[in-house]
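Q: sharing a model that was predicted from the sequence below.
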Amino acid sequence: MSAAKKFPKANCAETIGGDHTARESWHAFEIMSEFVDATEHLKEIIPAVSIFGSARTDPNHPYYQKAEEIARQLSDSGFSVISGGGPGIMEAANKGAFYGKSPSIGLNIELPHEQNNNDFQDVSHSFHHFFMRKVMFVKYASAYVVMPGGFGTLDELMEALTLVQTGKTRKIPIILVHSPFWCGLVDWLRNRLVAEGMVSADDMDLIQVIDDPKQIVEAIFKHYETRGFELSASEREIQLYL
């Protein structure tokens, strides 16, 4: 009997598929490690406010300057400020907090374009997984402040609204800044989603549109004035399943 008959060649598709399956299994441990590492690194930053907005906004743009002012006032009021750690509005948020009294947090990630870590981070943490980074934005946020932005900004906004609406996270202030930018979207949500029964009218109460930095800070404090910023035991349990 020939060696070829004694030891038949392995099926290439099966070999490749087996290697891929094994790699996916080990990848689950990488995800667990990233989650534990991020939790340990960020657990002391509460109370914090996550600020979102376009990565393409120039420092001379009014949006950038407004985000920097909001972040500075939040920082001076005792809030850590969380951004995506990159350029544009993210940089403005980190910069405002960096020169304020409370920590500036950058949750960084490597992207094919747009993402270069800015220089205004007291605490910087990098992620391999986009979804893990998004969990941390919600997990440690006492409020969301959403500046004008593109698809990524809309993604973060809709995810926050969905998590609060479905009770997968506690109710937090979700504040849209610069009403001329957001009014079309808010009108569409009301005139389409609410009118056609896709969401309830009460769901629109999850959104606030506020343009003045001082009023934004006041709105966040007002939300927590009767309960404080600490999570209750039930809220901590819910947060485990983000």
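A: Noted; the coordinates are in hand.
Q: who's in contact with the nearest residue to residue 56 once chain neighbours are set aside?
A: Leaving aside its chain neighbours, residue 56 sits nearest to residue 88 (5.5 Å; criterion: C-beta to C-beta, 6 or more residues apart in numbering). For glycine as for every other residue, the C-beta is placed from the backbone atoms N, C-alpha and C. Shown in contact with residue 88 (C-beta atoms under 8 Å, 6 or more residues apart in numbering): 53, 54, 55, 56, 57, 58, 64, 114.
Q: tell me the pLDDT of the third one.
A: What the model reports as pLDDT for residue 55 is 93.
Q: quick check: phi and psi at it.
A: phi -80, psi -10 (degrees, to the nearest 10).
Q: could you look up the SS state of the residue nearest the centre of the chain?
A: Nearest to the mean C-alpha position of the chain, counting by C-alpha atoms, centre = their mean, stands residue 137 at 3.4 Å. When classified by DSSP: H, G, I helix; E, B strand; the rest coil, residue 137 comes out as helix.
Q: one more: residue 81?
A: Assignment for residue 81 (three-state DSSP): strand.
Q: that one and residue 69 touch, don't they?
A: No: Residue 81 lies out of contact with residue 69 (C-beta atoms under 8 Å); the separation is 11.9 Å.
Q: mutual contacts of those two, please.
A: residue 96.
Q: compare these two (neighbour count), which wins?
A: residue 81 (31 against 16; other C-beta atoms under 10 Å).
Q: kindly provide the distance from the more buried one to residue 233.
A: Distance, residue 81 to residue 233, using C-beta to C-beta, to the nearest Å: 27 Å.
Q: for residue 154, same thing?
A: According to C-beta to C-beta, residue 154 and residue 233 sit 33 Å apart.
Q: what do you get for residue 123?
A: Between residue 123 and residue 233 the computed distance is 27 Å (C-beta to C-beta).
Q: counting neighbours, go ahead and name the busier of the two.
A: A direct count of neighbours by other C-beta under 10 Å for residue 123 and residue 233 places residue 123 higher, at 16 against 7.
Q: over to the residue nearest to residue 56: give its phi and psi.
A: Dihedral pair for residue 88: phi 70, psi -140, per degrees, to the nearest 10.
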